[in-house]
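Peer 1: here is a sequence with its predicted model. Questions after.
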Amino acid sequence: MAVNVLFVDDEEYILKSLERACSDDDAIRPLMAGSAAMAMEILQKEEIAVIVSDHRMPSTTGTDLLRVARTISPDTVKILMTGYTDLPTVIEAINSCEVFRFIVKPWDNVGLLETIHEGINRYRMVQSLRRVDESVLRSLGQTIELKDRYTKGHCDRVASYALMIARSLKLPEDMVETIKHGSWLHDCGKIGIPESMLNFKGVLSPRDFEVIRKHPHWGAEVARKAELPKTVINIILHHHERFDGSGYPEGLAGEAIPLEARIVAVADTFDALTSNRPYHKAFNRPKALGILEQLKGCSLDPALVDLFLQRIDDGGDPE
Ligand SMILES: [Fe+2]
Ligand SMILES: [Fe+2]
């Protein structure tokens, strides 16, 4: 089903070539606005999934327009078109307008459509998370698995290991439920990462690694927008923190890392060790359990690892 994508530019010929670029794309219904005022009118009347705005326009700048768009239509994903040298604009846009991506002029059509599609995916994700129901949450987790072919079944397995730990801790049932949802969604921020990067076999360049490191933030932002419970947001935001404080995004250490995120970190790590990844082959179970033991106090909470090892030893099979 096509969604509305609004293009804003004061140059007629640019709007024309943007329209042409989308003409063969069934997922996009392009709407054109020659000024910020016209764009505002459209935003008030129509449901817009993605807005792509030029920055330099005569009456209002693109950042000003996107700032207003944020209040009129909060779920609309915002993309700004800028020239190369506009670094201050980029910074302002990130800080005040929640801009999803930048497109640098002149653009290439393949990259443009890819970025718009990522924006549409993100819009759809927020929309469906809002109507939260279990099957939707699970299938969203599985959508990420499709992007990253090494992680098939990962969400379900992480959820079952995490539930095993949560139940052993005798956490209240509603928290156990949200831990399950958070486990399914922990990597939902990967929706914004190009597949070529996720499936990369060698060592990532520092720049690409920086992009990968943003997925907890991107995911948490989506979950916040969808008003998901705090436990779910904590899992998405903090699943890459390490117990010794050397993780990301916030470098939290020890019990400063929310319990739910520490639980999912154990589950996530165990599943990563026991499945094939671009950078290593799956370890067998005893080897993986040995590595988990070594990670106690470094990346993982020692008490939770002990609990996990004990349950596995008891033959406590994940659900
Ligand atoms: Fe992750
Ligand atoms: Fe994961």
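Peer 2: That came through fine. Ligands and ions are numbered 1, 2, ... in the order given.
Peer 1: not counting its neighbours along the chain, what's nearest the residue of the chain found nearest ligand 2?
Peer 2: Residue nearest to ligand 2 within the chain: D268 (4.3 Å; CB to the ion). C-beta coordinates here come from the backbone N, C-alpha and C atoms, glycine included. With CB to CB, 6 or more residues apart in numbering as the criterion, D268 has its nearest non-adjacent residue at 5.3 Å, and that residue is V158.
Peer 1: contact partners of the host helix or strand of the one you found?
Peer 2: Assigned by DSSP states H and E, V158 belongs to helix 154-168. With contact meaning CB atoms under 8 Å, 6 or more residues apart in numbering, helix 154-168 is reached by 138, 141-142, 144-145, 175-176, 179-180, 182-187, 263-264, 266-268, 270-271, 275, 304, 307-308, 310-311, 316, 318-319.
Peer 1: which element follows it toward the C-terminus?
Peer 2: That would be, after helix 154-168 and using DSSP H and E, helix 173-185.
Peer 1: mind checking if that following helix is in reach of ligand 2?
Peer 2: No: if you take CB under 5 Å from the ion as the test, helix 173-185 misses ligand 2, and the best it gets is 8.8 Å.
Peer 1: how about stretch 216-226?
Peer 2: No: using CB under 5 Å from the ion, stretch 216-226 stays clear of ligand 2, coming no nearer than 10.6 Å.
Peer 1: now do the buried residues in that stretch.
Peer 2: Neighbour counts over stretch 216-226 (16 or more other CB atoms under 10 Å) mark 216-223, 225-226 as buried.
Peer 1: please apply the same query to stretch 62-81.
Peer 2: 62-67, 69-70, 73, 75-81.
Peer 1: show me the contacts for A21.
Peer 2: So A21 contacts 109, 112-113 (CB under 8 Å, 6+ apart).
Peer 1: can I get the residues you listed in TSV with neighbour count, pLDDT and secondary structure?
Peer 2: What follows is these, written out as TSV (neighbours: other CB atoms under 10 Å; pLDDT from 0 to 100; DSSP: H, G, I helix; E, B strand; the rest coil):
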residue	neighbour count	pLDDT	secondary structure
N109	13	94	helix
L112	17	94	helix
L113	17	95	helix
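Peer 1: now do A37 against E12, distance only.
Peer 2: Using CB to CB, to the nearest Å, A37 is found at 16 Å from E12.
Peer 1: tell me the secondary structure at F102.
Peer 2: Under DSSP: H, G, I helix; E, B strand; the rest coil, the three-state class of F102 is strand.
Peer 1: what number of residues lie near it?
Peer 2: F102: 16 surrounding residues under other CB atoms under 10 Å.
Peer 1: wait, it touches L87, no?
Peer 2: No: at 10.6 Å, F102 does not count as touching L87 under the criterion of CB atoms under 8 Å.
Peer 1: now go through the buried residues of stretch 62-81 and say which are in strands.
Peer 2: 77-81 (DSSP state E).
Peer 1: my read: L43 touches I51, true?
Peer 2: Yes: between L43 and I51 a contact is recorded at 7.4 Å, counting by CB under 8 Å.
Peer 1: those two: who's more crowded?
Peer 2: Neighbours were counted for L43 and for I51 using other CB under 10 Å; I51 has more, 27 against 23.
Peer 1: which residues does the more buried one bridge with?
Peer 2: L6, K78 (DSSP bridges).
Peer 1: so it sits against L80, correct?
Peer 2: No: between I51 and L80 there is no contact under CB under 8 Å: 9.3 Å.
Peer 1: joint contacts of the two?
Peer 2: Contact criterion CB under 8 Å, 6+ apart; residues shared by I51 and L80: L66.
Peer 1: surely M57 is in a helix?
Peer 2: No: going by three-state DSSP, the assignment for M57 is coil, not a helix.
Peer 1: contacts only, for it.
Peer 2: Going by CB under 8 Å, 6+ apart, M57 touches 8-10, 35-36, 65.
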